[in-house]
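>>> My questions are about this predicted structure, shown below with the sequence.
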Amino acid sequence: MRPILVVMAAGMGSRFGGMKQIAPVGPHGEIILDYACFDAVRAGYEKIVFVIKKENEALFRETAGDRIAKKAEVFYAFQEQTLPRGFEIPEGRVKPWGTGHAALVAAPFIDAPFTVTNADDYYGPAAYRLMAEQLQNRPEESAMVGYALKNTVTENGSVSRGVCERDGDGYLLRVTEKTRIEKRGGGIVSVEEDGEKPLDPETVVSMNFWGFMPEALDSFRTCFEDFLREKLPQNPLKAEFYLPAAAQALIDAGKTRVRVLASPDAWHGVTYREDRDEVARALKSMHEAGLYPDKLF
């Protein structure tokens, strides 16, 4: 079966200062999501699930969804403040529950191997091709596409990245979420409670490009409930259930091995408003080099 693409687009974009998912970056006003879906379709994905906030549905359809639906089967899943039976939403909580929860929201539309990505990251065509081949040829495994840390940071502020450790065969051992990584003094550091920790620029990091079999969702549900019981009380308004944590639980339980796929393409992303010009220049160069046609859709 052809894999399904799940695109997480419910983030508030607070650091960017608006809905960065629909900020134009291409030479004809394309958004990063257009490139993601174009690359996915030509890699063999035929079904795309957008995880969005319900209040943004009309705007999202107008800006991207209706256009992309001409090339692939499109569905919408709404990431809202609902919780499993037996759990209550903390008073004052408005923040989405995180990337792991986004994958669970898309579950009703998942009946084949699936890939989960961010809406505001440009991953490059190789990532979709490598992941599609992996999911179709190795159904006993999960996978992620990794990038060198030095290629995923910005001059304009801090970023959150999943720092990866691999075994000798290229499988993921563990991924540690670092929520404040910055360029500092010619190097890269992780700013933590006990100070700054230097990071190797060649460190492989997760950019939330994951591939799983549908059965993984059962484990994700268990992990989410564990998060609600154990982690949420510590930070009820802002704690999030991250997709890397769900993947780590699968690894620790011996339910899957996660192959780390190395993409040769450059990653580009819009975390801050100031990042947009740099991404626009890079995409313009790709069009001029023939990597993309003059118009995607």
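Cool, the structure landed.
>>> Can you show me the strands along the stretch 1-150 of the chain?
Counting by DSSP state E, counting those that start in this stretch, residue ranges of the strands within the stretch 1-150 of the chain are 4-8, 47-52, 73-78, 114-118, 121-122, 142-148.
>>> partners of the fifth one, with directions?
Note on strand 121-122: by DSSP bridges, its sheet partners are strand 268-269 (antiparallel).
>>> Quick check: longest strand in this protein by residues?
Across the chain, the longest stretch assigned as strand under DSSP state E is strand 172-184.
>>> Report all helices and strands that the next helix or strand after that strand contacts.
Note on strand 172-184: by DSSP states H and E, the next helix or strand toward the C-terminus is strand 187-192. If contacts are counted by 3 or more CB pairs under 8 Å, 6 or more residues apart in numbering; DSSP states H and E, strand 187-192 sits against strand 172-184, strand 195-199. Where C-beta positions appear, they are placed from N, C-alpha and C, glycine not excepted.
>>> most packed of these?
Among the helices and strands packed on strand 187-192, strand 172-184 has the highest mean neighbour count (mean count of other CB atoms under 10 Å), at a mean of 18.
>>> Given it, what are its sheet partners and their directions?
Strand pairing for strand 172-184, determined by DSSP bridges: strand 159-166 (antiparallel), strand 187-192 (antiparallel).
>>> The ones you listed: lowest mean pLDDT?
Among the strands paired with strand 172-184, strand 159-166 carries the lowest mean pLDDT, a mean of 90.
>>> Would you indicate which residues of it are buried?
159, 161-164, 166 (16 or more other CB atoms under 10 Å).
>>> what's the closest of these to residue 75?
Distance to residue 75 across those (CB to CB) is lowest for residue 162, with 26.4 Å.
>>> Could you report the pLDDT at residue 13?
47.
>>> Likewise for the one 3 residues further on?
Reported pLDDT at residue 16 in the predicted model: 39.
>>> tell me the contacts of residue 156?
Neighbour list for residue 156: 271-272, 274-275 [criterion: CB atoms under 8 Å, 6 or more residues apart in numbering].
>>> Counting neighbours, which of these end up buried?
Among those, those classed as buried by 16+ other CB under 10 Å are 271-272, 275.
>>> Format those residues as a markdown table; extra columns: secondary structure and distance to residue 112.
Converted to a markdown table, those look like this (DSSP: H, G, I helix; E, B strand; the rest coil; distance: CB to CB, whole Å):
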| residue | secondary structure | distance to residue 112 |
| --- | --- | --- |
| 271 | coil | 31 |
| 272 | coil | 35 |
| 275 | helix | 33 |
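>>> min pLDDT across these, which one?
pLDDT across those is at its lowest for residue 271, which sits at 77.
>>> Pull up the gap between that one and residue 161, please.
In this structure, residue 271 lies at 11 Å from residue 161, with CB to CB, to the nearest Å as the measure.
>>> repeat for residue 267
As for residue 267, its distance to residue 161 is 11 Å (criterion: CB to CB).
>>> Look up the residues that both of the two are in contact with.
Listed contacts common to residue 267 and residue 161 are 152, 207; contacts here mean CB under 8 Å, 6+ apart.
>>> Please list all residues in contact with residue 268.
Contacts of residue 268 (CB under 8 Å, 6+ apart): 32, 121-122, 278-279, 282-283.
>>> nope, residue 283 is what I meant
Per CB under 8 Å, 6+ apart, neighbours of residue 283: 25-27, 30, 35, 122, 268, 292.
>>> Give me the subset of the residues you listed lying in helices.
The members of these that map onto helices under DSSP state H are residue 35.
>>> among the contacts of residue 283, who's most crowded?
Counting neighbours by other CB atoms under 10 Å, residue 25 comes out on top of the contacts of residue 283 with 26 neighbours.
>>> hang on, isn't it packed against residue 276?
Yes. Here residue 25 lies in contact with residue 276, judged by CB atoms under 8 Å, at a distance of 6.0 Å.
>>> can you tell me how far residue 124 sits from residue 217?
Counting by CB to CB, the gap from residue 124 to residue 217 is 27 Å.
>>> So between the two, which is more surrounded?
residue 124 (22 against 16).
>>> Now do the closest residue to the more buried one other than its chain neighbours against residue 183, distance only.
Leaving aside its sequence neighbours, residue 124 sits nearest to residue 265 (CB to CB, 6 or more residues apart in numbering; 2.5 Å). Counting by CB to CB, the gap between residue 265 and residue 183 amounts to 21 Å.
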